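Undergrad: return atomic coordinates for the entry below.
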Amino acid sequence: MPVIRSADARVTTTPNAVMTTYASPTQGGTEAALWRVDMAAATSGPYHAIDADQIWTVLTGSLTADVDGEKLTAATGDTLVLPADVPRQLHSDTESGFSAIVTCPAGALAYNPNDITPPGACGMAPKEAERVLPPWIA
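TA: Below you'll find the predicted structure:
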């Protein structure tokens, strides 16, 4: 079993958050990816879907998740289970932001619900019907 040193964690910065990959197929993982998300206060992630279940455990701060039209709130110590193929958008607390550890199966793909690119999508986001492997899961 490999040991992935903290110095070897891969950091990906987007306009919405910083993802630090601790394990993935390209970093010693085989069937799962594990990463940390750090999102500054009053920030929203993109509206999207993932083709696999994800598990988010909030380490600090809090977030609100719009999951298929339902608003869910998770704070420090809470775990949020996001089902596959369900539209979602995460929003950080307006004062604290949040940090979370996230895991999902390796190779999970992100895509746009209804094949429509949301306004303001960053360059890493999928376009129209495209499905992409986020670099923190690769």
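Undergrad: report the beta-bridge partners for Thr57.
TA: For Thr57, the beta-bridge partners under DSSP bridges are Thr79, Ile101.
Undergrad: and it, how far from Ala65?
TA: From Thr57 over to Ala65 the distance is 13 Å, taken as C-beta to C-beta, to the nearest Å. Bear in mind the C-beta positions are built from the backbone N, C-alpha and C, glycine included.
Undergrad: look up phi and psi at Asp8.
TA: Asp8 adopts backbone torsions of phi -100, psi 0, taken as degrees, to the nearest 10.
Undergrad: er, Asn114 I mean
TA: In terms of degrees, to the nearest 10, the main-chain angles of Asn114 are phi 60, psi 20.
Undergrad: residue contacts, it?
TA: By C-beta atoms under 8 Å, 6 or more residues apart in numbering, no residues touch Asn114.
Undergrad: same check, this time on Pro87
TA: 47-49, 67-68, 113.
Undergrad: filter these down to the buried ones, ChimeraX style.
TA: Buried members of those, defined by 16 or more other C-beta atoms under 10 Å, are picked up in ChimeraX with:
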select :47,48,49,67
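Undergrad: which of the contacts of Pro87 lies closest to Val81?
TA: Nearest to Val81 among the contacts of Pro87, counting by C-beta to C-beta, is Val67 at 9.8 Å.
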